[in-house]
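[1] Turn this into a model:
(chains A and B, ligands or ions: 2)
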Amino acid sequence: MAMAALQQALAARIAGLDLPATGWLGPLRAEALARLSVQGLPGKRDEYWRYTDPAALNSATPPRASAFDSGGEAPVFDGIDRLKIVFVDGVFDAAASDDLALAGVEIDLLSRAMTADIHWAQGVYGRLEAAGQVPVNRPFAALNSAFAPEGVLIRVTGKAVKPISMIYHHKSDSSDAILHHCIKIETGADLTLLENGPAAARFNKVIEVDIADGGSFHHIRAQGRDHDRRAVTHVFARLAAKARFKSFTLTANGMLTRNEVVIDLQGSDSLAHVAGAALGDGAFHHDDTVFITHRAERCESRQVFKKVLKSGAVGVFQGKILVQQGAQKTDGYQLSQALLLDDDSQFLAKPELEIYADDVKCSHGSTTGAIDEEALFYLRARGVPRKTAESLLVLAFLAESIAEIDDAAIADDIRARLENWLARHDHSGAA
Amino acid sequence: MLKINNLHVKLEEEDKVILKGLTLHVPAGEVHAIMGPNGSGKSTLSYVLSGKGGYTVTAGSATLEGADLLEMEPEHRAAAGLFLAFQYPVEIPGVGNMTFLRTAVNAQRKTRGEPEMSAGEFLKVVRDKAKTLKIDAEMMKRPVNVGFSGGEKKRNEILQMAMLEPKMCILDETDSGLDVDAMKLVSDGVNALRAPGRSFLVITHYQRLLDHIKPDVVHIMADGRIIRTGGPELALEVEQNGYADILAQVQ
Ligand SMILES: Nc1ncnc2c1ncn2[C@@H]1O[C@H](COP(=O)(O)OP(=O)(O)OP(=O)(O)O)[C@@H](O)[C@H]1O
Ligand SMILES: [Mg+2]
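    Numbers count the residues shown, from 1 in each chain, chains lettered A, B, ... in the order given. Ligands and ions are numbered 1, 2, ... in the order given. Predicted structure coming up:
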């Protein structure tokens, strides 16, 4: 596209968006908009969007998407004691939410906090996102920082006694939600964040997580089972010395999901684990794009992404480990695997290592395979019905990603969801 | 118990014929041994009976207590009482041995319309049986057969057999890879299961196993057929003279 056409497309995309640019947030939004204007919207020609068509994310209005009827099944995390913050199509639902009060944690809504002159989030909002724009453009994240009308600002000073849980309901077929959360984990503090739900017909979400020395952040999300929804999400994390970041994402269904995770290991001895389990049947396109930068000594990063695909579902993985000069004793691990339940599905993977330090241990692997027929027969020969046997093997395939969930009750809950999904999507045609 | 008549089997994908009119009857309560040269089709027979894919039955029949085995899904054959101790037990990373065994026991019970075994009851029984086979608790926690030594895999097969209490047990070279003590352990395990309502088909190359598990009948298999049937003395004859004489007699 010519320059003028690109500018026009961007103008159309943001025409309907409001820019609530008051108080401390004003200049940050203006900077984000400037970034976006320089970058423009991504196109299929962009190297970073080679495997995923951003058209549905670029359009001025979102393609329609109906909400999934879960048939009365209890939502994920239902049994977990947590502080609930509820959004409906991206709009905060005060009545359905708990009091935003938790010992050792400050919680503000972006819409309420932004009119103030100063706020702690000033040092986080849009800053981690801006830093994450190098060396690769992430225009939807810039768009988010510029226009997000709502989000949650969380500052953790101690060990949070229970998880904060964001619940994203989707009701309207045409909703186009943008949320931007900032999380600051102070020295030695600790938070678990749960997220679940599809959020909207189209959802753009950014989370910036700034973790100080010895701080710990554990993130578990389930992206909701809407079939038609489109989502682009970014997590930007910055880790100081001895900080810990662990994230697990479950994605079942969804016409388009692009989950980007950008992690900057700035302090020595920090640790970042990112994992995902994605299951798709039919019109499903799931893209995990991860960029981890090691800048300090003795940091560990681990990426484990597993996808189960059938009936034409498409999985994408772009994962990079960048080890900067001086980041000696780096331990980097990356694994992306797809289990194809038939011949129609495909997995596209682009694993990358770029290393400028000499004393590092980095490995990466990517595989695509089918159900192991020998194992399937062995199980069936012991009396395990085919469906159960296949389900056992699929869960075994996903196990290494689920292992990144620390809490046993949550891991069991996630496992049960996976089993239910597999039962609903019986793959008798498995080759 | 097990009746195989004139069974002809070829590979599904090629024209290679492996079983060429095999007939074999194992009455209830009896132990039969099959010996035969490498490649004569012993493992193929065990796979076809238990329902592995990749083979086509072109003629003949196989029934278990009168029920047509060849028509059933593998899991139904198992629930009907058929068990195969694999020559090469399969490793299944990510599936815990304990989970696997409990799923199998309860799946079979469910198929047969019996009540499931409670977690507590299962644990007690499995610990008991594992102990007699000298399988330690740590091994039970590992994924199915992953990182097990050859002998440990074979003992694990016998543990599964003991838990599932099948009627018709096929043991495919369960003795290979076992040290002398393990051979004794496994044989004791098998002998403990001998019962009037349970039959065994023991595939082996060596007389030694048959010293421990005394067969009622010994069959010699060659080129996809049973070419001779006799008493335990037949195994001794093979041990001493090999197959040459027997094969020559037939031709
Ligand atoms: N899937 C297959 N593809 C090709 N050839 C096969 C296949 N399965 C079996 N065969 C062939 O069929 C013949 C019989 O094999 P089988 O494993 O049944 O022999 P066996 O009697 O068990 O031998 P052993 O004593 O060595 O275990 C062999 O020649 C083998 O190579
Ligand atoms: Mg064999």
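[2] thought residue A:361 was touching residue A:327?
    No - here residue A:361 does not reach residue A:327: they are 11.6 Å apart, not a contact under Cβ atoms under 8 Å. Where you see a C-beta, it was placed from the backbone N, CA and C, and this is true even at glycine.
[3] Tell me where chain A has helices.
    Secondary structure of chain A by DSSP state H: the helices cover A:3-15, A:25-39, A:55-58, A:110-113, A:127-131, A:139-147, A:373-381, A:386-402, A:408-424.
[4] Which strands or helices does the fifth one pack on?
    Translated: helix A:127-131. With contacts defined as 3 or more Cβ pairs under 8 Å, 6 or more residues apart in numbering or on different chains; DSSP states H and E, the packing partners of helix A:127-131 are helix A:25-39, helix A:139-147, strand A:202-211, strand A:230-239, strand A:256-265.
[5] Quick one, which of the ones you listed gets closest to residue B:211.
    Proximity to residue B:211 (Cβ to Cβ) singles out strand A:256-265 among the helices and strands packed on helix A:127-131, at 62.7 Å.
[6] May I have the strands that pair with the closest one, each with its orientation?
    Note on strand A:256-265: by DSSP bridges, its sheet partners are strand A:230-239 (parallel), strand A:285-294 (parallel).
[7] okay if I get the ones you listed as JSON lines plus mean pLDDT?
    Below are the strands paired with strand A:256-265 laid out as JSON lines (pLDDT from 0 to 100):
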{"stretch": "strand A:230-239", "mean pLDDT": "98"}
{"stretch": "strand A:285-294", "mean pLDDT": "98"}
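[8] which of those sits most buried?
    strand A:230-239 (a mean of 26; mean count of other Cβ atoms under 10 Å in any protein chain shown).
[9] Residue A:361 and residue A:327: which is more packed in?
    residue A:327 (23 against 10; other Cβ atoms under 10 Å in any protein chain shown).
[10] mind listing what that one touches?
    A:265, A:294, A:295, A:296, A:297, A:299, A:356, A:357, A:360 (Cβ atoms under 8 Å, 6 or more residues apart in numbering or on different chains).
[11] Now, the residues you listed that are in strands?
    A:265, A:294 (DSSP state E).
[12] and which of the contacts of residue A:327 is nearest to ligand 1?
    residue A:360 (44.6 Å; Cβ to the nearest ligand atom).
[13] neighbours of the nearest residue to the closest one once chain neighbours are set aside, just the number please.
    Nearest non-adjacent residue to residue A:360, counting by Cβ to Cβ, 6 or more residues apart in numbering or on different chains: residue A:330, 4.1 Å away. Other residues near residue A:330 come to 25 when the count uses other Cβ under 10 Å.
[14] swap in the one 3 residues further on?
    The burial count assigned to residue A:333 is 16, neighbours taken as other Cβ under 10 Å.
[15] Counting neighbours, what do you get for the nearest residue to it once chain neighbours are set aside?
    Leaving out its chain neighbours, the residue that sits closest to residue A:333 by Cβ to Cβ, 6+ apart is residue A:302, at 4.6 Å. The number of residues packed near residue A:302 is 19, by other Cβ under 10 Å.
[16] so what's residue A:302 bridging to?
    residue A:273, residue A:333.
[17] Could you list the contact residues of the stretch 101-250 of chain B toward chain A?
    Within the stretch 101-250 of chain B, the positions lying close to chain A (Cβ under 8 Å from any Cβ of the partner chain) are B:103, B:104, B:105, B:107, B:108, B:111, B:143, B:144, B:160, B:164.
[18] Now do the contacts for the fifth one.
    Listed by Cβ under 8 Å, 6+ apart, the contact set of residue B:108 reads A:382, A:383, B:78, B:79, B:164.
[19] Go ahead and confirm residue A:142 touches residue A:31.
    No - Residue A:142 is beyond contact range of residue A:31, at 9.0 Å (criterion: Cβ under 8 Å).
[20] if you count what's nearby, which of these two comes out ahead?
    Neighbours were counted for residue A:142 and for residue A:31 using other Cβ under 10 Å; residue A:142 has more, 26 against 17.
[21] And the nearest residue to residue A:211 once chain neighbours are set aside, how far from residue B:7?
    In space, and not counting its chain neighbours, residue A:211 is closest to residue A:243: 4.0 Å by Cβ to Cβ, 6+ apart. According to Cβ to Cβ, to the nearest Å, residue A:243 stands 66 Å off from residue B:7.
[22] what would the residues of the stretch 101-250 of chain B next to chain A look like in TSV with secondary structure and pLDDT?
    Formatted as TSV, those follow (DSSP: H, G, I helix; E, B strand; the rest coil; pLDDT from 0 to 100):
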residue	secondary structure	pLDDT
B:103	helix	94
B:104	helix	96
B:105	helix	95
B:107	helix	94
B:108	helix	93
B:111	helix	89
B:143	strand	94
B:144	strand	96
B:160	helix	95
B:164	helix	95
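[23] Counting neighbours, what do you get for the residue in chain A that chain B sits nearest to?
    Going by Cβ to the nearest Cβ, chain B is nearest to residue A:396 of chain A, at 2.6 Å. For residue A:396, the count of nearby residues is 21 (other Cβ under 10 Å).
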